[in-house]
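# the sequence isn't on hand, but the structure is:
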């Protein structure tokens with residue numbers, strides 16, 4: 001068991017349920033940091049696990065395990081919020097006196113072409129980012145028709161010129177058509193366009209970077 005706080009020295013709050021017989025290994029923070037420095041493959045796995053666990057605590061059911069309801073002017077609710085923040089406890093805070101504390105009721109839309117403003121009843125709002133890759137400034141990388149960067153197995157052999165022949169290897173996972181240049185997250189073709197997925201891709205790309213820049217590369 002473990003999480004990112006184990007690396008920073010902050011208090012770690014861990015909850016687990018054993019479903020079958022097993023073994024627990026306990027090591028010190030110094031030993032753990034030394035392990036990450038000397039075993040890059042293992043450090044990648046642990047980092048991805050820690051990040052996934054942090055996302056689950058922040059966005060999953062655990063984030064709603066503690067809910068603080070009270071006005072920002074209330075000394076009692078302020079004391080609870082301060083304690084939760086200092087102890088790094090995932091929690092929700094709802095201020096019934098503020099607009100944020102109430103459910104969404106309507107949205108206001110502005111037509112950028114005409115300037116017309118209209119209000120619509122609305123109970124939910126979802127924001128999609130990453131639909132446009134904004135890669136117009138890139139030159140020399142293989143892109144798809146929409147501008148997303150193609151990596152590793154998405155690259156056609158004819159796009160890999162003499163420089164790849166000289167390297168004697170195909171592109172590594174998340175490596176672009178330019179050697180030692182990697183892409184991860186929304187800008188990469190076929191990525192899931194989610195924050196947690198982008199973080200996971202970035203962590204996974206670290207292993208390829210170690211391979212590309214490590215001894216014997």
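Nice, thanks for sending it over. What you see is a predicted model, and the numbers here were worked out from it, not measured in a lab. Residues are numbered from 1 along each chain as shown.
# what are the ranges of the strands in the chain?
67-69, 92-94, 106-110, 117-121 (DSSP state E).
# parallel or antiparallel, list what pairs with the first one.
What it means is strand 67-69. strand 92-94 (parallel) (DSSP bridges).
# list the buried residues in the partner strand.
For strand 92-94, burial by neighbour count (16 or more other Cβ atoms under 10 Å) applies to residue 93. No exception for glycine: its C-beta is placed from N, CA and C like everyone else's.
# and for stretch 165-181?
Neighbour-count burial for stretch 165-181, with 16+ other Cβ under 10 Å as criterion, is recorded at 171-172, 174-179, 181.
# next, the distance between the ends of it.
One end of stretch 165-181 sits 17 Å from the other (Cα to Cα, to the nearest Å).
# just curious, which of the buried residues of stretch 165-181 is nearest to residue 123?
Set against residue 123, the nearest of those by Cβ to Cβ is residue 174 (38.6 Å).
# please report the distance of the closest one from residue 80.
Using Cβ to Cβ, to the nearest Å, one gets 43 Å for the distance from residue 174 to residue 80.
# then residue 113?
According to Cβ to Cβ, residue 113 and residue 80 sit 47 Å apart.
# now do residue 132
According to Cβ to Cβ, residue 132 and residue 80 sit 42 Å apart.
# could you check the pLDDT of the spatially closest residue to residue 212 that is not a sequence neighbour?
In space, and not counting its chain neighbours, residue 212 is closest to residue 180: 5.1 Å by Cβ to Cβ, 6 or more residues apart in numbering. pLDDT recorded at residue 180 is 94.
# so who does residue 180 touch?
209, 212-213 (Cβ atoms under 8 Å, 6 or more residues apart in numbering).
# map the structural domains onto the sequence of this protein.
The chain breaks down by automatic domain parsing into domains covering 5-16+23-59, 62-126, 152-213.
# I'd say residue 141 and residue 181 touch.
Yes. Counting by Cβ atoms under 8 Å, a contact exists between residue 141 and residue 181, whose distance comes to 7.0 Å.
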